[in-house]
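> all I have is the shape, not the residue letters:
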C-alpha cells in the first residue's frame, strides 16, 4: 500500500512539473511562519532578538517605533503593522512587546496565538515574565525559542514536553548546578515524543495519585446608570492539575451540562462522546493543563453578584462636586464577596478629592486622575462606602461624561453560572486517586457607568 | 542601544576565552561563553572571537555546545573560512548516540547560512531522514528545505522530494507536518506541495494526532485539494466537523476557511458553517488577548459584509468596554454600524452616543462618524443625536458632527432641513481644517436655507489672512461664489474682498489660480456662471449605495483567515504592491553573504 501511495504522489508531481502555469493560480501559502522575533520594552529598547532564517535588520523595528509613538499608550499600538518588505505582528503583555517579523502571507490568528504561547511558556518557566527575568535567563530563553520554532515553524509548544527538553531554572537547581556542574538540559529525549498519545508521555509514575480541577468563572459586564445590565457574560474555564500514574482514562460529568454554551476543549477530549452524551472523556496530559473553556451568555442566566450605588454630581456653578459610592452584594448564593477593588478614571477637571471610606484604603492620583479604592471583603450588614467631595477646576464647564467605575472581586466556592461537576471516574488503572474540585468566581471586565 | 566599547569588549572576551585556567574550569568557561552570547544579543559585534568559539565547540557539555552553535549561526556567514573548521565537530555530533545532540548539531549545521556548506550537510541530512529518533527526523526534514534554499536556483532534487513525500507516512505527527512545510518550500517554483487524494485522506486521518499548529497548517494545505464528488466533499466536511469547535481560534479559522472554500457551490452549507462558528468567533472577540479580539473582529466585519444580519442578536457583545485599546474600540464601532437593524437601533445608538464624549478625541470622532453612517438608514434619530452633540460646544465633537452632516446631506437629501437648522453657531467651536471645510461647503451649497450663512462666511473671509490651510481657502472661494448666486445682495461685497485678497495677496498658487478662475467666470456674466456652478450633480443613489450591496461569500472565502480582512482589501493591495517588485526577497534570500538591503546594521 505504501508503495502505491508514493507512486501516485510521484506521478502527480511529474504531471505538475509539466504545466507550471497552473500553479500560479494557487493560493500562495507562507512557507515560513515567523521569520524573526524581537522583544521590545515599553521605552522602546530592543532587548532580545532571535532569527530563525536570515538575520533581519533591527531597523525593521523603526516602523514599530513609529506606530508606538503614534499611539498615545502602549495598549493602543495596533497588533498588525505593515512595512515595505515585512509585516510586524505583535502582542503586548507584561509591559513587553513581542514583535514577530513575517515575510509572507500568514493567518494572523495563528501567529498571534503562537506569540501568546511563547509568553505563556516564559511565564511557566520563570514564574513571572518580565524584562529583568528574561535578561537574567537569556540562555534558557534562547534554548526554549530554539525548540519552539525551527525554520520559523512551531515545533514543541506543549509546556510539559518542553520542560523535559529544557528544565526550567529553579533556585534549588541553580545551586545544585553550580556545585555539581550539571545542566538545565535534559539528558534524555522526552518519552512523550514516542507515545501514542502525543500530549502525554509514557511511563509516568507518582506515589500520590491526585487529580484537581478548578472551575474558574469570570464575569464581564456593563451595568448602566440605573443599575440594569447592558451586557453580561461569563467566561469560564476548567483548569486541571492531574498527577496520575500510567495511562488513566478519565470521565467527568456535570449536573447541568446544558448550561455550557459554546465550549472548546483541550485536544485530549473526545468530542464525539461530548456531542452524544455530554460527558467529558479523556486521557489527561501530565501536569497542569486547561481542560475546557466555555461561555455562558444568555442574559437571564448571568447573575450579577454585586451592585454599586452611586451619587456623583458636578455642579456647574461651584467648584465642588459630590462623590458617594456604596458597594453591596446581590446574587451571591450566600457566599462572601472578597478582594473587592474599585477603580475609576475621573474627568480631567477634577483637581483633587477628599474622601472617607468606611473601610479599606483609597488613593487618588491628581496627575493621572485615577481613583482606586481597595475595599477588601463586603460585609452585608455594614456595606462599604466611600463619600466626600471633589474639588473641580474653577471656570470650566461640567464634564460631559460621568466617570465609569471598574470593579474587581472574587467569590470562593461558587461558580456563578451554577455549573456543578457531578462525578469523576477513572478507568484503565487500578489505584484509587485523590480527587478534588474547587470553584471560584472573579470579575473580568466589570464596569458600572454612572 | 550603546555600541561604544565594542572593541574593548571583544578583546576582553578573547582574553577570557583563551585563559587556560578558565578553560580548565568548565563552569567558569561556560560563564565566559554566556557573556559572549549576552553581548551578541545586545547587538555588539563579537564576531572577533570566532576562532576561540570554534575551539569551544569541541566539548561533551551540551549546554556549551548549544551556546557555541547559537553563536556560530549568527556569525558564520561573516567568517566562512573559520566556520569550516567547526563543521568537523558538527559532523561528528551528527552521529552522537544521544538523539538530542544529533538533532541539535544537524539543526545548527543547516542554519549556518554560508556558501559552500551544502556539500557538507547533504549526507548528515539524508542520514537524519532515516534516524530512528523522531526528534532528529523532524530537524532533518526541515533541514532539507534549508539546504534547498542554500543551493539557490539549482534544480530541485527529485530523490529528496520523493523521500519527503514518503515521509508523509511517518508515525510522528510533527514529522508529517514538517514534511509538508519543507516540500512547500522546496517546490515553491512548481506551486508547492501537491495534495492528491491519497495524501488528502491520509492527512485527514492523522488530523486528530496533530497539535493545534499542525492542524491549522494542514487545514490550509487541504485548501488545494478538490474533492472528486459531492459525496467525498461531504465526507471530508463531516470528518473535519470537530475542528470548527477547537479550543484554538487559529484552527477554527483555518477550518472555517476550508469549509467555505470547499463548499463554494453550496451556499446553504456556507451559511450553515458561518452559523456554527458564530460561537467560537464571538468567544475570540471577547477573548483575554486583545490582539486575538482585534483579528477576530476584523473577520466578523468580513462576514457581516455578506450576511448583514448574522450577528445582530449579539450586538451587545460589540459594546466597548472602558479599558479596551483604541484599535478594538474602533473595530467594534464599525461592527456596530454594520449590524444595526430595526430592533436594536435604539440601543446601539444609545451606546454609540455615550462614546461620543470619550476622553480620546480620536474615539469620540470615530463614534460620531459611526452614527453618521447609521444615519443613512435611520436618518431622523441620528440627526437628532448629532444635533444634540453640537450643544456641547466641544471643538473636536462639533468638527466631526459637521463632517458627518456634510457626508449625509448628499446621500439623504431629506435631512437637509434639519441639518441647516443645526448649523448656525457651529463656527464658534471650530479650529481644524477638516471641520472648517465641511462647514463652509455646507454653507455654500445650502446657504439659501441658513439665514446667517453670508455672515458666517464673512467671518471666515475677515480672518483669511491668518488661515493656514489652503484647502480651507479654496473651499471658501467655491462656497462664496455659489452662495452669491442665490443671495447676491448679501454676498457681493464679501466676495469682492475675497477675490481681491486671493488674486492680489495670496501666495499659494493654487488658491490664486482658483480665485482668478472664478473672477473670469463671473466676468462672463452671472447667467453663464450659474450655468456652470449649478448644473445638475451626480445621482447619489447610484455609486455609493450599490457598493453596499451584499458581497457573496465566495468573493472573500479565499481571503478569509489572511491579513486581507485585517487591513481591508484596498489597503492590502497597496501594501503588497511593493512586494511584487522583489518577490524573491521572501522566498529565496540569496545564499551569498548578506547584501546591503537585508544586511545587519545591527552590529555596525
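Nice, I can see it. Computed from a prediction, not measured in an experiment: that's the story for all the values here. Numbers count the residues shown, from 1 in each chain, chains lettered A, B, ... in the order given.

> so who does residue B:346 touch?
Taking Cβ atoms under 8 Å, 6 or more residues apart in numbering or on different chains, we find residue B:346 in contact with residue B:381. Where you see a C-beta, it was placed from the backbone N, CA and C, and this is true even at glycine.

> what's the following helix or strand after the helix or strand containing it?
Using DSSP states H and E, residue B:346 maps to helix B:345-355. Downstream of helix B:345-355, the next assigned helix or strand under DSSP H and E is helix B:361-374.

> pretty sure residue B:484 sits against residue B:496.
No. In this structure residue B:484 lies outside contact range of residue B:496 using Cβ atoms under 8 Å: 9.8 Å.

> the more surrounded of those two?
residue B:484 (25 against 14; other Cβ atoms under 10 Å in any protein chain shown).

> chain neighbours aside, what residue packs nearest to the more buried one?
Excluding the flanking residues, the one nearest residue B:484 by Cβ to Cβ, 6 or more residues apart in numbering or on different chains is residue B:491, at 4.3 Å.

> tell me which residues of the one helix or strand the one you found maps to come out buried.
Per DSSP H and E, residue B:491 falls inside helix B:488-500. For helix B:488-500, the neighbour count (16 or more other Cβ atoms under 10 Å in any protein chain shown) marks B:490-491, B:494-495, B:498-499 as buried.

> then stretch B:453-473?
Buried residues in stretch B:453-473 (16+ other Cβ under 10 Å): B:453-454, B:456-458, B:460-461, B:464, B:467, B:470, B:472-473.

> quick one on the thing from earlier: angle of the helix holding residue B:346 against helix B:361-374?
160 degrees (axes from the mean of the first three to the mean of the last three Cα atoms, to 10 degrees).

> how many neighbours does the residue in chain B that chain A sits nearest to have?
Chain A sits closest to residue B:191 of chain B, with a gap of 2.4 Å, by Cβ to the nearest Cβ. Close neighbours of residue B:191, defined as other Cβ under 10 Å, add up to 20.

> how far away is it from residue B:224?
To residue B:224, residue B:191 is 9 Å away according to Cβ to Cβ, to the nearest Å.

> show me what the helix or strand containing residue B:471 is packed up against.
Taking DSSP H and E as the criterion, residue B:471 maps to helix B:470-486. Judged by 3 or more Cβ pairs under 8 Å, 6 or more residues apart in numbering or on different chains; DSSP states H and E, helix B:470-486 is in contact with helix B:433-445, helix B:453-462, helix B:488-500, helix B:509-523, helix B:526-533.

> in chain B, where is pLDDT below threshold?
B:1-6, B:153-154, B:536-550, B:568-604 (pLDDT under 70).

> residue ranges of the strands in it, please?
Ranges of strands in chain B, per DSSP state E: none exist.

> how about the contacts made by residue 111?
The chain I'm using is chain A. Contacts of residue A:111 by Cβ under 8 Å, 6+ apart are A:33-34, A:89, A:100, A:102.

> please refer instead to chain B.
With contact taken as Cβ under 8 Å, 6+ apart, residue B:111 is in contact with B:73, B:146.

> ok, now with 6 Å
Taking Cβ atoms under 6 Å, 6 or more residues apart in numbering or on different chains, we find residue B:111 in contact with residue B:73.

> from residue A:166, how far out is it?
18 Å.

> likewise residue A:213?
For residue A:213, the distance to residue A:166 - Cβ to Cβ - is 28 Å.

> how about low-confidence regions in chain A?
Looking at chain A by pLDDT under 70, you get A:1-32, A:169-198, A:261, A:298-301, A:316-317, A:395-401.

> what segments of it are helices?
A:2-18, A:20-23, A:61-70, A:108-126, A:131-136, A:138-148, A:159-165, A:171-180, A:271-277 (DSSP state H).

> equivalent analysis for the stretch 101-250 of chain B, please.
B:118-129, B:134-151, B:158-167, B:173-186, B:197-206, B:212-222, B:230-239, B:249-262 (DSSP state H, counting those that start in this stretch).

> out of those, which gets nearest to residue B:34?
helix B:134-151 (24.5 Å; Cβ to Cβ).

> that older thread, of residue A:213 and residue A:166, who's got more company?
Using other Cβ under 10 Å, the more surrounded residue of residue A:213 and residue A:166 is residue A:166, with 23 against 19.

> thinking again about what came up before, so which of the buried residues of stretch B:453-473 is the closest to residue B:435?
Among those, and counting by Cβ to Cβ, the member closest to residue B:435 is residue B:472, at 9.7 Å.

> touching, the closest one and residue B:436? I think so.
Yes. Counting by Cβ atoms under 6 Å, residue B:472 sits close enough to residue B:436 to count as a contact (4.9 Å).

> roughly how far out does stretch B:510-520 sit from the chain middle?
43 Å (Cα atoms, centre = their mean, to the nearest Å).

> mean neighbour count and distance to chain A for the helices of the stretch 101-250 of chain B - can I get that in JSON lines?
Supplementary listing: the helices of the stretch 101-250 of chain B in JSON lines, determined by neighbours: other Cβ atoms under 10 Å in any protein chain shown; distance: least, Cβ to the nearest Cβ, whole Å:
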{"stretch": "helix B:118-129", "mean neighbour count": "18", "distance to chain A": "13"}
{"stretch": "helix B:134-151", "mean neighbour count": "25", "distance to chain A": "4"}
{"stretch": "helix B:158-167", "mean neighbour count": "18", "distance to chain A": "5"}
{"stretch": "helix B:173-186", "mean neighbour count": "25", "distance to chain A": "4"}
{"stretch": "helix B:197-206", "mean neighbour count": "17", "distance to chain A": "5"}
{"stretch": "helix B:212-222", "mean neighbour count": "25", "distance to chain A": "4"}
{"stretch": "helix B:230-239", "mean neighbour count": "14", "distance to chain A": "11"}
{"stretch": "helix B:249-262", "mean neighbour count": "26", "distance to chain A": "4"}
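
> and the ones you listed as CSV, adding distance to residue B:563?
Output for these, formatted as CSV (distance: least, Cβ to Cβ, whole Å):
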stretch, distance to residue B:563
helix B:118-129, 33
helix B:134-151, 23
helix B:158-167, 29
helix B:173-186, 19
helix B:197-206, 25
helix B:212-222, 14
helix B:230-239, 26
helix B:249-262, 12
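
> with that, I have no additional questions.
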